[in-house]
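Asks: here is the input, now give the coordinates:
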Amino acid sequence: MTPNDPTKGLPVPDHRHRHRHRHRGVALATTLAIAGASVLGATTFVAPAAPAAAEPSGAAIDTVDYLGDTYGIADGVIETVTFERFEYLLGQEGRFAFLIGGPGDARTTATIGAIDEVATAAGVDRVYTFDPKLDGATLDIRTTTNPDVAPLWTRLVTDALGKDTQTPFDGTDDPYLFVYDKAHTEGGVEDRIVSALTAPVTAGQLADPAALAAYKADVAGVLAAGGELGAISQFQFYEDVVNFKHNRDYQGADAYGGATILDDGDSDWRVQNITYPELVHLLEVDGDVVLFLGGTWCHNTRAVLKELNAQAVANGVEKVYFFDLRLDGASGNDLHIRDTNSEFANFYGDLVAEHLPNLVTQYVPGVSGQVDYHPRGDRSQALATAKKLQVPYVFEYQRDRTVDGQPAPVVRQWIHDNGDGTYREYMTEWWYVIDKPGRYATRPDPAALVAQLAFADEAIAALGTFFADLGEDPTEEPEPTEPPSTEPPATEPPATESPSTGTDPTTVKGSVTVSGDVVPGGTITVRGSGLAPSTGDFSVELHSTPQVLGAASTNADGGFTFTGTIPASTPAGSHAVVVTIGGVQVASVSVTVAAEDADAAGLAATGTALVDVLAWIAVALIALGAAAFAFVRLRARRVVG
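Replies: The predicted structure is shown next:
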């Protein structure tokens, strides 16, 4: 019999006798051509591709030791859990050690170091600590009267913590350190708390060496009485919950991607679930970190979670810090802090105001949406407004970073730039990521399906670019590795003028960088800067034998981003990517084209050919006004693991 998900009362896997062989795996997605997008009249930005088998980027991405910074615990066995994960653990088979409390609780701060020391010495894998103060300070689920939050503690006690014969959680003498086993009974009666400590303890008491030694003996006794203690990793939690919720919502239908998103191939897991106090801590300490906002409840988050983790592995990022803006991991009521209507909207608003001043979002405050909140939750203060982001949302963060003298801690973020000062956040679906039709299986709409598949391709490719660029400041113009040539062409065509400045654009020399899969047939991204602003007709070429890759136009700052393909016939070796206008070279950079893996080349060619065929099929079907449309596509992806 499988145990139940305590949040929803639905089955999840049993871990009592579950053993996993851990291995490192890389599952990288590469970008394909977008089938029929231009043919169908869709305006689509093609994001640069993730390298098929990327070497780690060498990004200086840091990890933050919350427990060490907060409690002075170094390399211990204590692990924080969110409400969602705490409730999940209470519903699993096995015995687990728990500590109730957080940095706002004097008993916890006095005892957690000793508990960690004893547990580590005893060979305990994990002691899970849950802070009932969801914000680490005032929102205590045990005492709040908020009608959305108070039921959380009631549910925990009713469904799990109160089912005990000796030390139940009844609000009088509740345990704070305990071993829990949902299957344990005493005399035929549920007795889930196998062993526990309940007595008050203060730092002053433990300052006495004899008292501290006695306390450590008490802790050792609780852990020993619990017997064999288990642990369930973050990967196991995500694999269970993500697959469970996806299958629950879509009934394992093939059109929606079947029953599984995560599997054992994802077990090299880098996504670290964090609590609100941990999020605040991350935003307030020095470092270069990757933050991911979303939730297992969110089908858009589930759509990209697998690829996000794979990109973290491929690019040597040890931890991606994952925070759920729904404090219970589920509810869209007051517990959803990114909501104007939430009593706790200040938890979100204060963070954005104080730590994310250069946040870019799809919503435009005052036009399409924002989050209104009372600063610090003080309702005597006038409402303030914060930018409202969508989830999933990924960004790189450096607290003290500035640009032009202004705070700019958000280094880069994963978002589609519409090119007109507005943005579109990457909200796609798992089934589009893996080329399934979803609802279009029963309600055919060829153009809409092509657009959804294209946007999913872009979202996945943009994740690859995001991770590959980590550690590089996008505001710093890289020095060109090859000086721009000043030699005029043999026959110089008439010069044109930049429409914004009247300057001859052939006289404005800039720089260019190249990233992506620099192999024959590979997709590359070319970024130009310092060129004539607001000017079209730039040609992007591959030299020494000139081959035109495509055309580009600069923005108001003289920059452009171009995505193109290295010609399949290009020999391996040294080349240059050159930008010209009117036949005059205005920027260039040396590149080395690597020899392509034969198997990968064959796969890429197959995918491209199939995409071309399907694009023409789509056009034909639309022209005929077909009532039904079946769209099957093979995307060229390499999985290394």
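Asks: check contacts around the residue lying closest to Thr402 once chain neighbours are set aside.
Replies: Among residues not flanking Thr402 along the chain, Ala408 sits closest, at 5.8 Å (C-beta to C-beta, 6 or more residues apart in numbering). For the C-beta atoms, the positions are set from N, CA and C on the backbone; glycine is no exception. By C-beta atoms under 8 Å, 6 or more residues apart in numbering, Ala408 lies in contact with 357-358, 401-402, 475.
Asks: hmm, 7 Å instead?
Replies: 358, 401-402 (C-beta atoms under 7 Å, 6 or more residues apart in numbering).
Asks: which of these count as buried?
Replies: Arg401 (16 or more other C-beta atoms under 10 Å).
Asks: nearest to Ile141, of the contacts of Ala408?
Replies: Closest approach to Ile141 among these (C-beta to C-beta): Asn358, at 33.7 Å.
Asks: I'd guessed that closest one sits against Arg412; true?
Replies: No - using C-beta atoms under 7 Å as the test, Asn358 is too far from Arg412 to be in contact (10.6 Å).
Asks: any idea how far Glu458 is from Val77?
Replies: 42 Å (C-beta to C-beta, to the nearest Å).
Asks: if you could redo that for Gln92, that was the one I meant.
Replies: Counting by C-beta to C-beta, the gap from Gln92 to Glu458 is 38 Å.
Asks: higher neighbour count, these two?
Replies: Remark: of Gln92 and Glu458, Gln92 carries more neighbours, 25 against 22, as counted by other C-beta atoms under 10 Å.
Asks: what is the neighbour count of Thr143?
Replies: Neighbours around Thr143, by other C-beta under 10 Å: 12.
Asks: and it, its phi and psi?
Replies: Thr143 adopts backbone torsions of phi -120, psi -10, taken as degrees, to the nearest 10.
Asks: looking at it now. What's its pLDDT?
Replies: Per-residue confidence at Thr143 stands at 97 (pLDDT).
Asks: same question, Ser529
Replies: 89.
Asks: neighbours around it, how many?
Replies: Other residues lying near Ser529 total 18 when counted by other C-beta under 10 Å.
Asks: check Ser553 too.
Replies: Using other C-beta under 10 Å, Ser553 has 12 other residues around it.
Asks: go ahead and confirm it touches Thr561.
Replies: No - at 10.5 Å, Ser553 does not count as touching Thr561 under the criterion of C-beta under 7 Å.
Asks: where does Asp372 land in three-state SS?
Replies: Using DSSP: H, G, I helix; E, B strand; the rest coil, the secondary structure recorded for Asp372 is strand.
Asks: where's it relative to Val118, distance?
Replies: Distance from Asp372 to Val118, by C-beta to C-beta: 48 Å.
Asks: ok, Glu429 - contacts?
Replies: By C-beta under 7 Å, 6+ apart, the contact set of Glu429 is 299, 303, 438.
Asks: in strands, which of the contacts of Ala408 fall?
Replies: Applying DSSP state E to the contacts of Ala408, the entries found in strands are Thr402.
Asks: among the contacts of Ala408, which one lies nearest to Val391?
Replies: Asn358 (18.8 Å).
Asks: just give me the neighbour total for the closest residue in space to Tyr256 that isn't next to it in sequence.
Replies: Leaving aside its chain neighbours, Tyr256 sits nearest to Tyr250 (3.8 Å; criterion: C-beta to C-beta, 6+ apart). Using other C-beta under 10 Å, Tyr250 has 19 other residues around it.
Asks: before we move on, what about Gly573?
Replies: Based on other C-beta under 10 Å, the number of other residues close to Gly573 is 11.
Asks: contact partners for the nearest residue to it once chain neighbours are set aside?
Replies: Leaving aside its chain neighbours, Gly573 sits nearest to Val593 (6.3 Å; criterion: C-beta to C-beta, 6+ apart). Residues in contact with Val593 (C-beta under 7 Å, 6+ apart) are 518-520, 566, 570, 572-573, 575.
Asks: likewise Ile434?
Replies: Contacts of Ile434 by C-beta under 7 Å, 6+ apart are Gly257.
Asks: got the phi and psi for it?
Replies: Backbone torsions of Ile434, given as degrees, to the nearest 10, read phi -100, psi 20.
Asks: same check, this time on Ala448
Replies: The phi/psi pair for Ala448 (degrees, to the nearest 10) is phi -70, psi -40.
Asks: next one: it from Thr296, what distance?
Replies: 27 Å.
Asks: okay, these two: which has more neighbours?
Replies: Taking other C-beta under 10 Å, Ala448 and Thr296 do not tie; Thr296 has more neighbours (27 against 15).
Asks: which residues touch the more buried one?
Replies: Taking C-beta under 7 Å, 6+ apart, one finds 241-242, 245, 302, 329 in contact with Thr296.
Asks: did I read that right, it in a strand?
Replies: No - under three-state DSSP, Thr296 falls outside any strand and is assigned coil.
Asks: which residue packs closest to it, ignoring adjacent ones?
Replies: Closest residue to Thr296 apart from its sequence neighbours, by C-beta to C-beta, 6+ apart: Val241 at 4.8 Å.
Asks: host element of the one you found?
Replies: helix 234-250 (DSSP states H and E).
Asks: and that helix, what does it pack against?
Replies: Other helices and strands packing on helix 234-250, by 3 or more C-beta pairs under 7 Å, 6 or more residues apart in numbering; DSSP states H and E, are helix 83-90, strand 271-273, helix 299-314.
Asks: now it against helix 83-90, angle please.
Replies: 100 degrees (axes from the mean of the first three to the mean of the last three C-alpha atoms, to 10 degrees).
Asks: with just CA atoms, put helix 234-250 into PDB.
Replies: Below are the C-alpha coordinates for helix 234-250, written out as PDB (Å, rounded to 0.1, in the frame of the first residue of the first chain):
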ATOM      1  CA  GLN A 234      15.300  17.000  -2.300                       C
ATOM      2  CA  PHE A 235      15.400  15.100  -5.600                       C
ATOM      3  CA  GLN A 236      13.200  12.400  -4.300                       C
ATOM      4  CA  PHE A 237      10.800  15.000  -3.000                       C
ATOM      5  CA  TYR A 238      10.600  16.800  -6.400                       C
ATOM      6  CA  GLU A 239      10.400  13.600  -8.400                       C
ATOM      7  CA  ASP A 240       7.500  12.400  -6.300                       C
ATOM      8  CA  VAL A 241       5.600  15.600  -6.100                       C
ATOM      9  CA  VAL A 242       6.100  17.000  -9.600                       C
ATOM     10  CA  ASN A 243       5.200  13.700 -11.300                       C
ATOM     11  CA  PHE A 244       2.300  13.100  -8.900                       C
ATOM     12  CA  LYS A 245       0.800  16.600  -9.600                       C
ATOM     13  CA  HIS A 246       1.400  16.400 -13.300                       C
ATOM     14  CA  ASN A 247      -0.200  13.000 -13.500                       C
ATOM     15  CA  ARG A 248      -3.100  14.000 -11.300                       C
ATOM     16  CA  ASP A 249      -3.900  17.100 -13.400                       C
ATOM     17  CA  TYR A 250      -3.600  15.400 -16.800                       C
END
